[in-house]
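>>> When you get a sec, could you give me coordinates for this:
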Amino acid sequence: MSRPGPGLLAQPTTPSTPPTGELPRVRLLKRELRTTEKAPDAPALARIFGKTAATALSWLVIWDASRSWPALAMVDLAEAGTGAITELSMRREGQLAPLLHAEHVELTLDGQALGVLLLRTLPHHTASLKLALSLMRQADRLVVMAGGSADHDWLRVLEHALPASGWQGPVWQVAVPVEASTRAARLRRHTWPAGVRVQAFDWPRAGRKHWNLDLLRRVLLEPIGVTFPNTPTGAPAGPDLESRVARPKPLRTAPHAESSKVQPRVDLPPLGPPDRLHKSACEQLIAVPGVRACAVLRLADAALLAQQGDADWLAAGAAETGRVARGWRQSNAATETSPDTLSWTHAQRQHLLLRLPEDGRDLALLALSDPATTDTAELRWMATVARNALA
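This is a model prediction of the structure:
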């Protein structure tokens, strides 16, 4: 499906009236692309949707890999945008079932013009996934909805669908359900194909108004660069660490080997008293359900500037954060990518660490939570709000 011509027929767009009971504000347009090729590639996104797409769109592609997210739908996004959903089917000549089904909407979210494409592939079908990958490769942001019972199947097909040279595209932002922590753990332990850099985040399956809009905001909020790839690529110290720093090329030696050396003692000046904003940030975070303790601390020595919550959790969490922060700072110094957010689990504590705006003291905001009772997406959102208030 590289371009129109012999083997590829573009069918005209036809408006469709939604069935009774659906929101009348949304118009449904249907298109079809046909091919005679056995393993087709998709045309450029701008070419497929060129007649309707704005000229300065950022493309966000969502692949519904697990088909286990009941709230995932485009109606919310269409209502917030142009009011139209374009359904696109890509099929081989002579075959009834399409190789790929896609839905496209355009909207402006928080000042950013977006083209959003939702992809659904055939299960156990390598050609279908190859076609989807040729669209996913073009995205500015790529979201993979995972964490269902079908994860094993699509991960196995992925090994065969990717080219021998590996993945050459955006970071995979993988959504895993808060309610399925064991499946999320399996994904984090998975050995991903060459070139695939994974950035996982927890998200509730359903239950909130404007779930789809909030999902986009969550994805756009995440700084690209904190990943857990399948090879050592600059991870800070610690076997329980779930987030890793992406590098242009994999390193042959994991940096925790370096950070395990004896560190020279550095005498740092006292931090001084906390200001009102630092106290306010801690007060906001301790109010999030599931958060047991939080603090503003100095990364160099884990000294606390402001704090709230359980003293035992803080003592253990600050010590662990100091160990991880050394590897994080070394990784940032050795790469052009410098992420400002890190999360990991250790000893049944979920750690969320956000670097604060630079004021010469190298401060960070730390939240310690119980993973069994915390809505991770809500915590990340509130922590980002608290950090932004300190800018």
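>>> quick one: low-confidence ranges for the stretch 251-391 of the chain?
251-274, 326-339, 391 (pLDDT under 70).
>>> which residue ranges form the helices in it?
Taking DSSP state H, counting those that start in this stretch to define them, one finds helices in the stretch 251-391 of the chain at 255-259, 276-286, 311-333, 376-388.
>>> Distance from the chain centre to stretch 191-206, please.
7 Å (C-alpha atoms, centre = their mean, to the nearest Å).
>>> err, stretch 276-288, not the other one
26 Å.
>>> Show me what that stretch is in contact with.
291, 293-296, 305-309, 365, 367, 369, 374-375, 378-379, 382-383, 385-387, 389-390 (C-beta atoms under 8 Å, 6 or more residues apart in numbering). Where you see a C-beta, it was placed from the backbone N, CA and C, and this is true even at glycine.
>>> can we see that at 7 Å?
Applying C-beta atoms under 7 Å, 6 or more residues apart in numbering, the contact partners of stretch 276-288 are 291, 294-296, 305-309, 365, 367, 378-379, 382-383, 386, 389-390.
>>> Give me the PyMOL select line for the residues you listed, limited to the buried ones.
To isolate the buried ones among the contacts of stretch 276-288 in PyMOL, judged by 16 or more other C-beta atoms under 10 Å, type:
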select buried, resi 291+294+295+296+305+306+307+308+309+365+367+378+379+382+383+386+390
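>>> Please flag which of the contacts of stretch 276-288 sit within strands.
Judged by DSSP state E, the contacts of stretch 276-288 include 291, 294-296, 305-309, 365, 367 as members of strands.
>>> I'd like to know how many residues surround Arg298.
Using other C-beta atoms under 10 Å, Arg298 is surrounded by 18 other residues.
>>> ah, wrong one, I meant Arg137
There are 15 residues near Arg137, going by other C-beta under 10 Å.
>>> What of Thr35?
21.
>>> Domain map for the chain?
Listed domain ranges for the chain are 8-222, 273-388 (source: automatic domain parsing).
>>> on that earlier part again, quick one: which of the helices of the stretch 251-391 of the chain is nearest Met136?
Among these, helix 376-388 comes nearest to Met136, with 22.6 Å by C-beta to C-beta.
>>> Identify all contacting residues around the closest one.
Here helix 376-388 makes contact (C-beta under 7 Å, 6+ apart) with 178, 201-204, 218, 221, 281, 284-285, 288, 291, 352, 354, 356, 365, 367, 369.
>>> tell me the angle of it relative to helix 276-286?
170 degrees (axes from the mean of the first three to the mean of the last three C-alpha atoms, to 10 degrees).
>>> so how far is helix 376-388 off the chain centroid?
Chain-centre distance of helix 376-388: 15 Å, with C-alpha atoms, centre = their mean.
>>> Over to stretch 75-86?
Centroid separation between stretch 75-86 and its chain, computed with C-alpha atoms, centre = their mean, is 22 Å.
>>> just for the stretch 101-250 of the chain, where's the confidence low?
Under the criterion pLDDT under 70, the flagged ranges of the stretch 101-250 of the chain are 181, 207, 222-250.
>>> Helices of that one, residue ranges please.
Shown for the stretch 101-250 of the chain, the helices assigned by DSSP H, counting those that start in this stretch span residues 126-136, 151-161, 181-189, 211-221.
>>> Of those helices, flag the one that's most buried.
Burial of the helices of the stretch 101-250 of the chain is given as mean neighbour count (mean count of other C-beta atoms under 10 Å); helix 126-136 ranks first at a mean of 22.
>>> how about that one as CSV, C-alpha atoms only?
C-alpha atoms of helix 126-136 as CSV (Å, rounded to 0.1, in the frame of the first residue of the first chain):
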residue,chain,number,x,y,z
THR,A,126,1.6,-11.1,10.6
ALA,A,127,0.6,-9.2,7.5
SER,A,128,-2.1,-7.2,9.4
LEU,A,129,0.5,-6.2,12.1
LYS,A,130,3.1,-5.3,9.5
LEU,A,131,0.6,-3.0,7.9
ALA,A,132,-0.2,-1.4,11.3
LEU,A,133,3.5,-1.0,12.1
SER,A,134,4.0,0.9,8.8
LEU,A,135,1.5,3.5,10.2
MET,A,136,2.8,3.4,13.8
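>>> End to end on stretch 102-121, go ahead and measure it.
End-to-end distance of stretch 102-121: 9 Å, with C-alpha to C-alpha, to the nearest Å as the criterion.
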